[in-house]
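Q: Here you go, sequence then predicted model.
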Amino acid sequence: VSTARPSPAEDAAPADDITARADVPWPAASAPEGGEFVGWALRGAWLAMLVVLVFGASVFLVEGTNARLQERTNWGPVQPVNALQTVPSLDGFAYMHTWYPGDADAITWLNRNIKGAPVILEASGDPYQWYSRVAIYTGLPTVLGWGSHESQQRYPDEVYNRQPDINAMYSTGDPAIVLPLLHQYHVQYVYVGQLECLDYAAHDPYPTEQPAAANIKLCAQNHDVMGPLTVFNQLAQQGKAQVVYQTNSVTIWHITG
């Protein structure tokens, strides 16, 4: 019989494997302690706020779309010329065919036929209205777009000095005044549509919001031959301009002299 005694290591009590970190089940094995707990709490709070923000922003996808559909009747100053199109679209130009088909056709013609970047003259006025629709949808430079926005990016004096000149070109009716101003701003094309007629010939107080029915009728019949707008026909008679596009609602002149 062996009298050898076990070594101290063999004689020791077996390790309590419950306290061995490797054998402790989750989450006890990975439970944060001290500063780690603070980090977990901050990450949790950040994720919760992110979920709330994403959800809040997503509400507009439904509510905003519905609001825009309900407000379509406010897009134009009068009842739409064509039937409203209810097919969803990302085409920002599509509404023009409904509210302003004359402008839509003229702008389409410009996009197809005018090359380069010639300056085009059109009515200028307050932002978020019918003004500057030609420059917006063709990309052609114009004498002045939305003045209040332009003045945020340039020296205001340089911007607001242009508005009286645009008014003069459309409202004086004097070729001796109009032609030098056209040359000063390097205008190659002049656009006269319903808006220009309502604004500068009919002198409607609300040309883009709710023009008078009588003025709408006048401009629908005589958009380019009312009052001071005849100046461009005078320039054409003098060989200084040429009609390159004309319908019942829009006339475009090319300045040639």
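A: Yes, it's here.

Q: Could you verify that Gln129 is part of a strand?
A: No: per DSSP: H, G, I helix; E, B strand; the rest coil, Gln129 lies outside any strand segment and is coil.

Q: my guess is Ala117 is in a strand, correct?
A: No: remark: Ala117 does not belong to a strand; assigned using three-state DSSP, it is coil.

Q: any idea how far it is from Trp109?
A: 17 Å (CB to CB, to the nearest Å). Backbone N, C-alpha and C define where each C-beta goes, glycine included.

Q: between the two, who's got more neighbours?
A: Trp109 (16 against 11; other CB atoms under 10 Å).

Q: In contact with the more buried one, which residues are there?
A: Contact analysis of Trp109 by CB atoms under 8 Å, 6 or more residues apart in numbering lists Tyr245, Ile252.

Q: Quick one: classify Tyr191 as helix, strand or coil.
A: Relying on three-state DSSP, one would call Tyr191 strand.

Q: ok, the nearest residue to it once chain neighbours are set aside - contacts?
A: Once flanking residues are discounted, Tyr191 sits nearest to Glu122: 4.4 Å by CB to CB, 6 or more residues apart in numbering. Neighbouring residues of Glu122 by CB under 8 Å, 6+ apart: Tyr131, Ser132, Arg133, Val134, Ala135, Thr142, Tyr191, Gly193, Leu195, Glu196.

Q: what's the burial count for Leu182?
A: 26.

Q: Which helix or strand contains it?
A: helix 175-184 (DSSP states H and E).

Q: which other helices and strands contact that helix?
A: Here helix 175-184 touches helix 162-171, helix 231-237, going by 3 or more CB pairs under 8 Å, 6 or more residues apart in numbering; DSSP states H and E.

Q: ok, the spatially closest residue to Tyr200 that is not a sequence neighbour to Gly239 distance?
A: Residue nearest to Tyr200 in three dimensions, not counting chain neighbours: Tyr170, with 4.0 Å by CB to CB, 6+ apart. Using CB to CB, we find Tyr170 at a distance of 21 Å from Gly239.

Q: When those two are compared, which one has more neighbours?
A: Per other CB under 10 Å, whichever of Tyr170 and Gly239 has more neighbours is Tyr170, with 25 against 9.

Q: who's in contact with that one?
A: Contact analysis of Tyr170 by CB under 8 Å, 6+ apart lists Ala123, Glu196, Asp199, Tyr200, Pro228, Leu229.

Q: Which of these ranks first by neighbour count?
A: Counting neighbours by other CB under 10 Å, Ala123 leads these with 27 neighbours.

Q: Helix or strand: which one has that residue?
A: Applying DSSP H and E, one finds Ala123 in no helix or strand.

Q: and what of Glu150?
A: Per DSSP H and E: Glu150 is located in helix 147-153.

Q: Show me what the helix or strand just after that helix is packed against.
A: On the C-terminal side of helix 147-153, the closest following helix or strand by DSSP H and E is helix 156-160. Here helix 156-160 touches helix 147-153, going by 3+ CB pairs under 8 Å, 6+ apart.

Q: Grab the nearest non-local neighbour of Pro228.
A: Nearest to Pro228 is Gly173, by CB to CB, 6+ apart, at 3.4 Å.

Q: Greatest separation within the contacts of Tyr170: which pair is it?
A: Maximum pairwise distance in these, criterion CB to CB, is 12.9 Å, between Ala123 and Pro228.

Q: picking up where we left off before, give me the pLDDT for the residue nearest to Pro228.
A: Per-residue pLDDT puts Gly173 at 92.

Q: The one 10 residues further on now?
A: In the predicted model, His183 carries a pLDDT score of 97.

Q: Check the gap between it and Gly257 for me.
A: Per CB to CB, His183 is found 9 Å from Gly257.

Q: Return the helix or strand in this protein with minimum mean pLDDT.
A: Lowest mean confidence among the helices and strands of the chain (mean pLDDT, DSSP states H and E): helix 8-11, at a mean of 52.
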